[in-house]
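Participant: pasting the sequence and the predicted model now:
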Amino acid sequence: MDYLISFLVLMLAGLFLSDMFRRLHLPYVIALIIAGVIIGPYGLDILEVNGPIEFLGSIGLVFLMFMAGLEIRWKGIDKVKRNAAKVSILNGLIPFVVGFFIANYFGYDFIASLLLGTIFISSSIAVVIPSLEANKLFESKLGKSIVAATMFEDIFSLILLSFVLQIINPMTTLPLPIFYILFFSAVIGIRIAVPELRKMFCPECKKDVFEEQVMFIFAVLLGTVVIFELLGIHSIIAGFFTGLVLSQSMRRNEIVVKKLHALSYGLFIPAFFIIIGVETDVSVFLDAGDAVTLTLFVVVGSILAKFISGYVGGRVGGFRSDQSVLIGASTIPQLSTTLAVAFVGLELGILDHRLVTAMIVLSMVTTFVGPLLMSWAVGRIIKR
C-alpha cells in the first residue's frame, strides 16, 4: 500500500505541480524538477524514494537516453559533416577544459573534474531540434550543421563517459582496447540483428499493429541494456546507443515514434525528472558557503564556454557572424547527459550534493536560456 501511495504522490506532483509551474512559462523539465524538490525531503517531505520508485526512476533514465539517441537524425549529415566537425571539435574541447578546471579549482579530484568536463562537452539535441523546426531552419545548411555538431558532441561525450565509468567502477577485466572493440562490435551487431529479430518475433510489425511494434522496441531496448551491462557498459550509455542504432529505421514509422514518445514522456521520463528534484539537496546553499559560488561558476562557465566556442567554431566553419551566434546559442542547452551523469555520479558516490545540485541548476538554466538566445539569434538572421 505504501508503494502505491508513493507512486500516486509522484504522479500527482507530475500532473498538478508541473502544470502550475508551466503556467509561469517554465519549461516542462524545470517544472518537473521543481515539483520534485517541493515533495522531497528538502521540501514538504511527502515522498520517499523507496525500491519501486527508484526502479521507476532507473527505467526513466534509460528511456531518457534512449529517446535522446532516437532524436539523432542521420539524413543530410554527409553534406555538412566537414563544417559540423570543425564546430564540434572546438565546441567540445574548450568547454571540456573549462569544466575540468572549474571542478579542480573547487577542490574536486581528477575523476569528478573529468565528469564535469564531460558534461560541458554535451549539448541537448532534444532542445535544439524543436527550436530549429519552430524557426524553419531545420532543413537549411545552417540547421543541419548545428544538428550534426550537436550529434557528434553527444556521441563523443557518451563514449568518454563510458571510459570514465570504467575507470571509476570497472565492470570488466578486459583491456580497454579489447573492451571497446567488443562494445562497437555489439553496436554493429545489434544494428544488423534487429531487422532479423523483427521478422522472427514480430511478423506483424510490418503491418499497422502498432502495439506489437512498441512492445518489440521495448524488448529490444531492455534486452540491449542487459547485454551491454553484461559487457560492462552502463545502462545510460546502452540506452543512448540503442536509440542511436534504431533512429534511422524508426524514423520511417512516425506513428510508432509518437507512441514511444507519449509513453516515455508520459510516465517514465517525468518520473525520473521528479526523482532528480526529490534528490536535489537545496540545503547546500545554506550549509556550504561556496555552494552558490560553485553553482555560478558551473552555470556561467558552461554558458560562456559553449557560446564562445560555438561562435568561433561557426566562423572557422565558414558561417557568417550572425549565423555563428545562432550556432553558439544552440550549443548552450544541457539536459539528458547532464542529468544522467548527475544521477549516476551521486549513485556511485563520486559527486557530492554540492556539485550535483550545481549540475541540476545548470540543466534548468540552460534549458530555459538556450531557446531564448536561439530565438534572438534567429531574429538577427531574419533582419539581415
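Facilitator: Perfect, thanks for sending it.
Participant: residues near Lys136, how many?
Facilitator: 11 (other C-beta atoms under 10 Å). Where you see a C-beta, it was placed from the backbone N, CA and C, and this is true even at glycine.
Participant: can you start the count at 202 instead of 1 from here on
Facilitator: Got it, the first residue is 202 from now on, which makes the last one we talked about Lys337.
Participant: how about it, secondary structure?
Facilitator: coil (DSSP: H, G, I helix; E, B strand; the rest coil).
Participant: do the one 3 residues further on as well
Facilitator: Put simply, Glu340 is coil when judged by three-state DSSP.
Participant: pLDDT weak spots in the stretch 302-451 of the chain?
Facilitator: Applying pLDDT under 70 to the stretch 302-451 of the chain flags residues 370-377, 380-381, 396-412, 449-451.
Participant: 50 - rerun?
Facilitator: Across the stretch 302-451 of the chain, nothing is flagged by pLDDT under 50.
Participant: quick one, helices of it?
Facilitator: 311-322, 326-335, 342-369, 377-402, 411-432, 436-451 (DSSP state H, counting those that start in this stretch).
Participant: any chance of those helices in JSON lines, with mean neighbour count too?
Facilitator: Converted to JSON lines, those look like this (neighbours: other C-beta atoms under 10 Å):
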{"stretch": "helix 311-322", "mean neighbour count": "23"}
{"stretch": "helix 326-335", "mean neighbour count": "20"}
{"stretch": "helix 342-369", "mean neighbour count": "22"}
{"stretch": "helix 377-402", "mean neighbour count": "14"}
{"stretch": "helix 411-432", "mean neighbour count": "17"}
{"stretch": "helix 436-451", "mean neighbour count": "23"}
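Participant: leaving out the residues flanking it, which one is nearest to the residue nearest to the spatial centre of the chain?
Facilitator: The chain has Ser537 as the residue nearest its centroid, 1.5 Å off, counting by C-alpha atoms, centre = their mean. Once flanking residues are discounted, Ser537 sits nearest to Ala269: 4.1 Å by C-beta to C-beta, 6 or more residues apart in numbering.
Participant: buried set for the strand or helix carrying that neighbour?
Facilitator: Taking DSSP states H and E as the criterion, Ala269 maps to helix 252-271. Residues 254, 257-271 are the ones in helix 252-271 that count as buried (16 or more other C-beta atoms under 10 Å).
Participant: average pLDDT across it?
Facilitator: Here helix 252-271 scores 80 as its mean pLDDT.
Participant: show me how far it is from its chain's centre.
Facilitator: 11 Å (C-alpha atoms, centre = their mean, to the nearest Å).
Participant: kindly export that helix (C-alpha atoms) in PDB.
Facilitator: Provided in PDB are the C-alpha atoms of helix 252-271 (Å, rounded to 0.1, in the frame of the first residue of the first chain):
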ATOM      1  CA  GLY A 252      12.600   0.500  -4.100                       C
ATOM      2  CA  PRO A 253       9.800   0.600  -6.700                       C
ATOM      3  CA  ILE A 254      10.100   4.400  -7.100                       C
ATOM      4  CA  GLU A 255      13.900   4.100  -7.500                       C
ATOM      5  CA  PHE A 256      13.300   1.300 -10.100                       C
ATOM      6  CA  LEU A 257      10.900   3.600 -12.000                       C
ATOM      7  CA  GLY A 258      13.500   6.300 -12.000                       C
ATOM      8  CA  SER A 259      16.100   3.900 -13.400                       C
ATOM      9  CA  ILE A 260      13.800   2.900 -16.200                       C
ATOM     10  CA  GLY A 261      13.100   6.600 -16.800                       C
ATOM     11  CA  LEU A 262      16.800   7.300 -17.100                       C
ATOM     12  CA  VAL A 263      17.200   4.500 -19.600                       C
ATOM     13  CA  PHE A 264      14.300   5.900 -21.700                       C
ATOM     14  CA  LEU A 265      15.600   9.400 -21.400                       C
ATOM     15  CA  MET A 266      18.900   8.400 -23.000                       C
ATOM     16  CA  PHE A 267      17.100   6.100 -25.500                       C
ATOM     17  CA  MET A 268      14.900   9.000 -26.700                       C
ATOM     18  CA  ALA A 269      18.000  11.300 -26.800                       C
ATOM     19  CA  GLY A 270      19.600   8.700 -29.200                       C
ATOM     20  CA  LEU A 271      16.400   8.400 -31.200                       C
END
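Participant: packing partners for it?
Facilitator: helix 203-213, helix 326-335, helix 411-432, helix 436-451, helix 455-464, helix 470-479, helix 537-548 (3 or more C-beta pairs under 8 Å, 6 or more residues apart in numbering; DSSP states H and E).
Participant: one more time with 10 Å
Facilitator: Packed against helix 252-271 by the contact rule (3 or more C-beta pairs under 10 Å, 6 or more residues apart in numbering; DSSP states H and E) you find helix 203-213, helix 326-335, helix 342-369, helix 411-432, helix 436-451, helix 455-464, helix 470-479, helix 537-548.
Participant: neighbours of Ser289, how many?
Facilitator: Ser289: 28 surrounding residues under other C-beta under 10 Å.
Participant: tell me the confidence at it?
Facilitator: 83.
Participant: likewise Lys280?
Facilitator: Looking at Lys280, the pLDDT reads 64.
Participant: so where's the longest helix in this protein?
Facilitator: When the chain is parsed with DSSP state H, its longest helix is helix 554-584.
Participant: contacts only, for the residue nearest to Ser537.
Facilitator: 323, 325-327, 355, 359, 437, 440-441, 444-445, 536-538, 541 (C-beta atoms under 10 Å, 6 or more residues apart in numbering).
Participant: okay if I get the helices of the stretch 302-451 of the chain as JSON lines plus distance to Gly571?
Facilitator: What follows is the helices of the stretch 302-451 of the chain, written out as JSON lines (distance: least, C-beta to C-beta, whole Å):
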{"stretch": "helix 311-322", "distance to Gly571": "14"}
{"stretch": "helix 326-335", "distance to Gly571": "6"}
{"stretch": "helix 342-369", "distance to Gly571": "11"}
{"stretch": "helix 377-402", "distance to Gly571": "29"}
{"stretch": "helix 411-432", "distance to Gly571": "28"}
{"stretch": "helix 436-451", "distance to Gly571": "20"}
